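Peer 1: got a predicted structure here, sequence first:
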Amino acid sequence: MSLVLGKSFNRSYNKRIRFLDGFYNIGTYFDKKSTFLLFRVDPDFSSSSSYKHNVKINMFKNLESSKFCETFINLHNFRKNTLDISNQFESVRDEYTHDISFVFNESITLSKIELDDNRTIYDSLNLYGFTMNSYIEEFLFLIAERHSILKRLQKKVVRTSGLQIATKSSIDLLEDYYLERRSAGKVKMEEMIKRDEVIKLDED
């Protein structure tokens with residue numbers, strides 16, 4: 001899909017992911033001085049393939065609005081004077097370690113920062129890719145985690161965004177997992193939030 005980038009972005013990281021009988025080329029675009037992220041997703045299927053028209057692509061600016069993260073992932077939030085973390089990936093929930101797998105786990109270091117108190121921290125981008133084991137080449141959830149350093153304030157800010165690429169069958173399975181977790185009482189009422197922070201990139 002076409003995407004025009006403005007002056008807000010000056011860095012990108014690209015991955016090519018196998019999906020069904022083709023590939024998706026995924027670009028993560030960001031700025032070296034901020035936490036803002038944006039994805040570009042380009043399908044690469046043969047002209048005769050019908051699969052690309054049966055795939056849903058969503059971007060999540062708030063990981064808590066994702067059924068995948070709410071069901072499978074522990075997220076970390078923390079705030080103090082020198083650290084501001086929102087929805088950082090912490091771990092896969094113990095009860096689901098046999099249901100989902102890592103596709104990739106990569107870290108790109110942009111710079112090394114020496115703080116006044118002799119601490120060393122890193123300005124970086126971390127990428128975590130997950131799939132459901134029953135639909136290995138039909139489901140991908142990517143978490144992009146941006147660590148941005150405000151050197152003047154001696155502060156690290158961590159923000160995340162998510163990208164989901166999935167077939168209808170894999171979405172149906174995700175819904176089953178989500179409903180099972182809710183019915184078992186594992187999702188607290190205060191954790192239920194409106195899902196209006198989902199950007200639909202593809203409705204085909």
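Peer 2: Thanks, I have it. Numbering: from 1, shown residues only.
Peer 1: what ranges do the helices span in the protein?
Peer 2: Here the chain has its helices, by DSSP state H, at 67-72, 168-183.
Peer 1: give me the pLDDT for the closest residue to residue 25 other than its chain neighbours.
Peer 2: In space, and not counting its chain neighbours, residue 25 is closest to residue 42: 4.5 Å by CB to CB, 6 or more residues apart in numbering. (C-beta placed from N, C-alpha, C; glycine too.) On pLDDT, residue 42 comes in at 93.
Peer 1: how about the contacts made by residue 42?
Peer 2: Contacts for residue 42 were tallied using CB atoms under 8 Å, 6 or more residues apart in numbering; they are 1, 24-27.
Peer 1: pull out the buried residues from these.
Peer 2: Among the contacts of residue 42, those classed as buried by 16 or more other CB atoms under 10 Å are 24, 26-27.
Peer 1: quick check, nearest of the residues you listed to residue 135?
Peer 2: Among the buried ones among the contacts of residue 42, residue 24 lies closest to residue 135 (CB to CB), at 14.6 Å.
Peer 1: re the thing from before, to residue 152, which of the helices of the chain lies closest?
Peer 2: helix 67-72 (32.3 Å).
Peer 1: so what touches the closest one?
Peer 2: Helix 67-72 has contacts (CB under 8 Å, 6+ apart) with 60, 63-64, 75, 87, 92-93, 96, 99-100, 130, 141, 143, 162, 164, 174-175, 177-178, 181, 187, 191.
Peer 1: could you check the angle helix 168-183 makes with the longest strand along the chain?
Peer 2: For the chain, the strand that runs over the most residues, judged by DSSP state E, is strand 100-114. Put simply, strand 100-114 runs at 80 degrees to helix 168-183, going by axes from the mean of the first three to the mean of the last three CA atoms, to 10 degrees.
Peer 1: what lines up beside strand 100-114 in the sheet?
Peer 2: As defined by DSSP bridges, the strand partners of strand 100-114 come to strand 120-132 (antiparallel).
Peer 1: how far off centre is the strand it pairs with?
Peer 2: Distance of strand 120-132 from its chain centroid, counting by CA atoms, centre = their mean, to the nearest Å, is 9 Å.
Peer 1: now that strand - C-alpha only, CSV.
Peer 2: Provided in CSV are the C-alpha atoms of strand 120-132 (Å, rounded to 0.1, in the frame of the first residue of the first chain):
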residue,chain,number,x,y,z
THR,A,120,24.8,4.2,30.3
ILE,A,121,21.6,3.8,28.4
TYR,A,122,20.8,3.1,24.8
ASP,A,123,18.5,4.9,22.3
SER,A,124,17.0,1.9,20.5
LEU,A,125,14.3,0.1,18.6
ASN,A,126,13.2,-3.4,19.7
LEU,A,127,11.1,-5.6,17.4
TYR,A,128,9.2,-8.7,18.6
GLY,A,129,7.3,-10.9,16.2
PHE,A,130,4.8,-13.5,17.3
THR,A,131,2.7,-16.1,15.7
MET,A,132,0.1,-18.6,16.8
